[in-house]
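Asks: got a structure for you, letters missing:
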């Protein structure tokens with residue numbers, strides 16, 4: 001992964017935009033499907049998150065970054081940026097462009 005992106009993911013702005021995107025994404029999923037969605041380890045699940053639920057690529061992604069000392073919240077933000085085009089657009093536009101795939 002790009003060193004500059006990793007350093008950027010440690011900033012408050014990057015994490016804040018990821019969190020705002022995540023909340024908007026969950027709200028949009030919930031509105032479209034008429035049920036609540038929760039986030040856990042890189043994925044969004046109906047009726048909230050539960051033990052053992054995670055995105056298929058989460059474990060490897062998390063372990064590779066955590067072993068290099070990347071902060072936990074930054075790993076979540078990087079995962080969203082790397083795996084969801086909507087998240088990348090939202091962060092890169094500094095919260096101006098939210099699209100739902």
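Replies: Now that the structure is in, tell me what you want to look at. It should be emphasised that the depicted structure is a prediction, and the values quoted were computed from it without experimental measurement.

Asks: gap between the two ends of stretch 5-21?
Replies: 18 Å (Cα to Cα, to the nearest Å).

Asks: Contacts only, for the residue located most distally from the centre of the chain.
Replies: Distance to the chain centre peaks in the chain at residue 34, reaching 21.8 Å (criterion: Cα atoms, centre = their mean). For residue 34, the contact set (Cβ atoms under 8 Å, 6 or more residues apart in numbering) is empty. C-beta: built from backbone N, CA, C; applies to glycine.

Asks: how far out from the middle of the chain is stretch 71-83?
Replies: In terms of Cα atoms, centre = their mean, to the nearest Å, the centre of stretch 71-83 is found 6 Å from the chain centre.

Asks: go on, stretch 56-73?
Replies: Mean-position distance between stretch 56-73 and its chain equals 13 Å (Cα atoms, centre = their mean).

Asks: for it, which positions count as buried?
Replies: By neighbour count on 16 or more other Cβ atoms under 10 Å, the buried set for stretch 56-73 is 58, 61-62, 65, 70.

Asks: Now do the strands in this structure.
Replies: 37-40, 43-46 (DSSP state E).

Asks: Report the contact partners of the residue minimising distance to the centre of the chain.
Replies: With distances taken as Cα atoms, centre = their mean, residue 80 lies nearest the centre of the chain, 3.0 Å away. Residue 80 makes contact with 18, 21-22, 42, 87, according to Cβ under 8 Å, 6+ apart.

Asks: ok, the closest residue to residue 24 other than its chain neighbours - contacts?
Replies: Distances taken as Cβ to Cβ, 6 or more residues apart in numbering place residue 98 nearest to residue 24, at 5.4 Å, with adjacent residues excluded. Applying Cβ under 8 Å, 6+ apart to residue 98 gives the contacts 21, 24, 86, 89-90.
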